[in-house]
Structure formats: C-alpha cells, structure tokens
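Asks: Dropping the sequence and predicted coords here.
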Amino acid sequence: MRDLRNGPARLLVVDDNKVNRLLLTRSLELQGHSVASAENGRVALEMLQREGFDLVLLDMEMPEMDGFQVLERLVHDRKLRDLPVIVTSSLEGVSNVVRCIELGAEDYLTKPVNPVLLKARIGASLEKKRLRDQQTELVRRFATPEVAQDLQDSGFSLGGKLVHASVMFSDIRGFTSLAESQPPEETIELLNTYYALMFNAISGHGGVVTLMMGDGLMSVFGAPVPLSDHGESAVRAAQEMVELIDLFNLEREAEKKPPIKIGIGIASGEMVAGYTGTNQRATYTCIGDTVNLAARLETHTKVAQRAILIDQATRAALSEHVEVEPLGQVPFKGKAAPVDVFSVGLEQKL
C-alpha cells in the first residue's frame, strides 16, 4: 500500500487523443504527481495489472476498448475494483454520468476540464483512497488475510453458514506456572515468539487463527476459504508446530531457560462459521460439536501424554504416510458416546 501522504501519487491518464494525453500529463506532473499514459482501454488494463497506480483519469470514447468497458472490467477485478477513477469525457447527458457512477467511477468531469476543478477532485479522490487503504491495513493487522478478504468480498454481517472443516486447539503446557516464575516482560517476549512460530505453521498449511487467549490458539482449516484436504492440512500444520517448538527449545536451552511443550487437538466435521458479537465489536469464529470435540482432545493431550490428538473423522482423511497410533475410545464431557482417539507422530523426513 502506497503512503499518499509522502511522495507523489502515481496516476494513469487514459485517452486516445495524443494531444490530450500529453497536455493532461504535463499539467499533472506540474502538480507533483508521477504520471503514465495509455492510448486505449486495453493498454490501460495491461498497465494496471503490471504496475501500481493510485488513480486513473479515464476517457470514454476510445478504440479497441472504451471507457465503459474498462469500468466494467475494473469493478469485477478484486485487485483493482477499489482503484479511484475520474472520468474525463466529452460525452454529455445525465445517463452517461449515471452509468459511469454506477460502474464505480469516483467522479465525472466534462471536457474541456477546468484545471482547478480537476486538481480539487484528484486531491479529494486521493484522500479518500488514503483513508480507505488505511482502514484496509487496520483490518488486515487485526484479522487474518483470509478473514480480511472475506470482509472485502462479502461485507460484514453477524451470523454464519454451515461448513465442513477441521478445527485445531493448541496451548503451552504448564504456562501458568512458567509465567509465574519469570518477569512479565519475558512472558510477553515468549508469547510473541510462540505466536510467530505457530502462525507461520498454521497459515503455511492453509489454516486461519480465529482466537488467541493467553497461550491458547484456535484455528480453522476450510473456512472462510474452502480447503479440500482440510484434515490432512491441519495435521501437517500440527506436526510442523511441534517441530518448531523443538527447535525453539534448543535456543531456550542455550539460554538456560526451561523447555516448553504444546498440546494440540484436531477434529473434523460440520460446523457453523461466521461473525459473532455485535455490530460494534465482532470476531470470526466457528461453533458446533466438532469445535467442542477439538477442545476436549487438546485438553486430553495432558492425560494421554501425547502432543497431537485427532478424532476418527480427521483420521479417515489422512494419507497412509501419516503415522497414527489408535488410543482407543475415550469418554468426553458433553458426548453421549465415547470417542475414538488417535495420536499423530511427527512427520518423517526423507
């Protein structure tokens, strides 16, 4: 995201009239902007796909691809649909103006364009883009890229939809005792390192972290973005998480700090995924029996003395290359019948 408060904005002038292009480009460069130009809509779209621009000044009547066609392509392009476009055209009539605005144009100026008015409209459009980019960056900072993209694509609304996915719960064993034995600053540093390692493993296998609570993490594989092999992806992520903690413990040992261990529970099946809370404060999460089972499995890792536990549905989704040990049936609170539990070994390196 370009910071429009520092340095020139990058503008694209699209006009089939060479004289108009040159004059408008010169005028905009004198205002301090960096300007490129295209002689028709087709060339403009190719440039927009290759380069980053902050605003487009678009003529309507052009050969090969006119301005209306360009706007239609932009509005359906996820990457370019929020790019501000100011139409500069000799076409008159309210119907043309309305059509351009409906197709996403920021503004419509009739040729010959008043330079003072154009400067003001460009400034206003760039400021709105800056604020929109700033808002997007804030969303991406406090939400995962997948959730941020879901918000951008579908908009925000409380509620959820039924999905088939895998849920993972994980936490640090004995974290409370560890936190009490060291300064708070050291605990925060440990958590930040732990989060960085776990997020890398989870996101690297298509997972989305939906909840952080102290040392505990909840992740989902298969929502909001569908994932065909969500069960195996979750297990592969869990194996990598354990391996990363083992490597991290080598550093802690060198610093004469106690090692840490994690427990991970994974369950697969149907659940409801969506936004819960209020219109002022909400979070993306998953609920349902599958989610509850994953939490129970994570808690049971302490009893089973295993790092990774999974249910039968996850076990059924795994390839033969994943080492699995059946631990028998375990009765869990809230479950009418005992659950088949399996332990997963670490990934074998070739």
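Replies: Yep, that arrived.
Asks: what's the weakest-modelled helix or strand in this protein?
Replies: helix 145-154 (a mean of 59; mean pLDDT, DSSP states H and E).
Asks: next structured bit after that one?
Replies: Counting by DSSP states H and E, the next helix or strand C-terminal to helix 145-154 is strand 159-172.
Asks: That following strand pairs with which strands?
Replies: Strand pairing for strand 159-172, using DSSP bridges, gives strand 216-221 (antiparallel), strand 262-277 (antiparallel).
Asks: Packed most tightly, which of those would that be?
Replies: strand 216-221 (a mean of 24; mean count of other C-beta atoms under 10 Å). (Glycine included, C-beta is placed from N, CA and C.)
Asks: residues contacting the residue nearest to Lys261 when sequence neighbours are not counted?
Replies: Excluding the flanking residues, the one nearest Lys261 by C-beta to C-beta, 6 or more residues apart in numbering is Arg173, at 4.3 Å. Listed by C-beta atoms under 8 Å, 6 or more residues apart in numbering, the contact set of Arg173 reads 260-263, 302.
Asks: Ok, Met62 next?
Replies: 14-16, 39-41.
Asks: what's the distance between it and Thr88?
Replies: Applying C-beta to C-beta, to the nearest Å, the value for Met62 to Thr88 is 12 Å.
Asks: Also Lys18?
Replies: 15 Å.
Asks: neighbour count winner among those two?
Replies: The residue with more neighbours, out of Lys18 and Thr88, is Thr88; 23 against 10, by other C-beta atoms under 10 Å.
Asks: can you give me phi and psi for that one?
Replies: Per-residue torsions, Thr88: phi -120, psi 110 (degrees, to the nearest 10).
Asks: Cross-check the contact I'm expecting between it and Leu57.
Replies: Yes - if you go by C-beta atoms under 8 Å, Thr88 and Leu57 touch, sitting 5.5 Å apart.
Asks: Could you name every residue contacting both of these two?
Replies: Joint contacts of Thr88 and Leu57 (C-beta under 8 Å, 6+ apart) are 15, 24.
Asks: Mind putting the strands paired with strand 159-172 into TSV with mean pLDDT and distance to Ile245?
Replies: Listed next are those as TSV, based on pLDDT from 0 to 100; distance: least, C-beta to C-beta, whole Å:
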stretch	mean pLDDT	distance to Ile245
strand 216-221	94	13
strand 262-277	90	6
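Asks: would you list those in JSON lines and tack on distance to Gly345?
Replies: Shown next, in JSON lines, are those (distance: least, C-beta to C-beta, whole Å):
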{"stretch": "strand 216-221", "distance to Gly345": "19"}
{"stretch": "strand 262-277", "distance to Gly345": "13"}
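Asks: Remind me which helix or strand the nearest residue to Phe169 once chain neighbours are set aside belongs to.
Replies: Nearest residue to Phe169 in three dimensions, chain neighbours excluded: Glu298, at 3.8 Å (C-beta to C-beta, 6+ apart). Here Glu298, judged by DSSP H and E, is contained in helix 289-304.
Asks: quick one: buried residues of that helix?
Replies: Judged by neighbour count using 16 or more other C-beta atoms under 10 Å, the buried positions of helix 289-304 are 290-301, 304.
Asks: Quick one: mean pLDDT over it.
Replies: The predicted model assigns helix 289-304 a mean pLDDT of 95.
Asks: my guess is Leu118 contacts Leu109, does it?
Replies: Yes - contact criterion C-beta under 8 Å: Leu118 and Leu109 qualify, at 6.3 Å.
Asks: The two: which is more packed in?
Replies: Leu118 (19 against 16).
Asks: Distance to Pro8 added to the contacts of Arg173, as CSV?
Replies: Below are the contacts of Arg173 laid out as CSV (distance: C-beta to C-beta, whole Å):
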residue, distance to Pro8
Ile260, 49
Lys261, 53
Ile262, 49
Gly263, 53
Lys302, 59
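Asks: Closest one to Thr276 out of the residues you listed, please.
Replies: If you rank the contacts of Arg173 by distance to Thr276 using C-beta to C-beta, Gly263 comes first, at 25.6 Å.
Asks: Would you quantify the distance from the closest one to Arg173?
Replies: 6 Å.
Asks: Need the overlap of contacts for these two.
Replies: Residues touching both Gly263 and Arg173 (C-beta under 8 Å, 6+ apart) are Lys302.
Asks: ok, which stretches of this structure are strands?
Replies: Along the chain, counting by DSSP state E, strands occupy 10-14, 34-38, 55-58, 85-89, 107-110, 159-172, 207-213, 216-221, 262-277, 282-287, 308-310, 324-330, 339-344.
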